[in-house]
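pasting the sequence and the predicted coordinates here, then a few questions.
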Amino acid sequence: MTDEARIAEVLEALRMELRRQGRAAIAAQAAAEACLEMLQRPPAPAAAAAKDEAWVNPLLPALDALERVRQHAEKVANAPAVPGGWLQRLRRARSEDEATGLAARVLLLAEQFESALRDAGLAPARPARGDPFDAAVHRAVGRVPGPAETVVEVVRSGYRYRDRLVREADVIVGEDS
């Protein structure tokens with residue numbers, strides 16, 4: 001093989017390598033442009049919803065605690081009068097009035113807080129006793145004898161944010177014994 005033939009062969013190999021690298025460079029440039037376009041595009045609705053509801057999840061434990069306090073306050077507010085004679089009732093009257101007043105204020109605070117959250121798009125999803133169990137919105141955390149596949153007790157409320165389930169309600173479900 002002559003020197004000219006070897007030079008032609010090397011030049012041809014170099015030309016082919018430059019074409020291959022050129023295609024790779026064009027592909028890399030197209031990928032980079034696509035990434036930039038994606039970053040500049042407004043977020044997709046699902047990503048926007050996840051970002052929008054980022055404030056909800058840290059609130060849920062506080063809402064659970066408030067719900068337990070509210071349930072206790074309802075028991076205090078609806079408690080029957082103190083049993084016993086007039087002297088016993090007289091001795092407990094002040095503390096009972098204070099407890100009933102405190103319970104009423106807690107119930108009012110809970111209602112105001114839940115109302116503000118509803119206005120922001122967050123609403124409790126509390127099933128009632130006797131509602132049919134629905135695995136799409138309820139999580140069974142226990143089973144007890146009772147009407148089959150119905151909610152016997154609500155352990156923890158679920159929550160919806162703008163018509164999207166954020167957390168399912170934890171419930172105890174009845175089953176035939």
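Thanks, I have the structure now.

can we go C-alpha only for contacts and neighbour counts from here?
OK.

how near is Val173 to Phe133?
7 Å (CA to CA, to the nearest Å).

no, scratch that, I was asking about Leu122
22 Å.

again with Glu111
27 Å.

these two: which is more packed in?
Using other CA atoms under 10 Å as the criterion, Glu111 and Phe133 rank with Phe133 on top: 21 against 13.

return the residues in contact with that one.
Phe133 is in contact with Glu149, Thr150, Val151, Val173, counting by CA atoms under 8 Å, 6 or more residues apart in numbering.

quick revisit: now the common contact residues for Val173 and Phe133.
Glu149, Thr150, Val151.

the first one: neighbouring residues, count only.
The reference is to Glu149. 18.

now do it, the pLDDT please.
pLDDT recorded at Glu149 is 92.

I'd say it and Arg143 touch.
No. Using CA atoms under 8 Å, Glu149 makes no contact with Arg143, being 9.2 Å away.

can you pull out the low-pLDDT segments for the chain?
Low-confidence segments of the chain (pLDDT under 70): 14, 18, 21-22, 24-25, 27-53, 76-77, 79-99, 177.

please enumerate the helices of it.
3-40, 45-52, 56-77, 86-119 (DSSP state H).

name the nearest residue to Thr150, ignoring sequence neighbours.
Pro132 (4.3 Å; CA to CA, 6 or more residues apart in numbering).

state the distance from Ala136 to Arg164.
From Ala136 over to Arg164 the distance is 12 Å, taken as CA to CA.

could you do Gly101 as well?
In terms of CA to CA, Gly101 sits 37 Å off from Arg164.

the more surrounded of the two?
Using other CA under 10 Å as the criterion, Gly101 and Arg164 rank with Gly101 on top: 15 against 11.

neighbours of Arg162, how many?
Around Arg162 there are 14 residues (other CA under 10 Å).

er, Gln71 I mean
Neighbour tally, Gln71, other CA under 10 Å: 15.

what of Ala123?
Other residues close to Ala123 by other CA under 10 Å number 20.

so it makes contact with Arg160?
Yes. Using CA under 8 Å, Ala123 makes contact with Arg160 at a distance of 5.3 Å.

pretty sure Val137 contacts Glu168?
Yes. Applying CA under 8 Å, one finds Val137 in contact with Glu168, separated by 4.9 Å.
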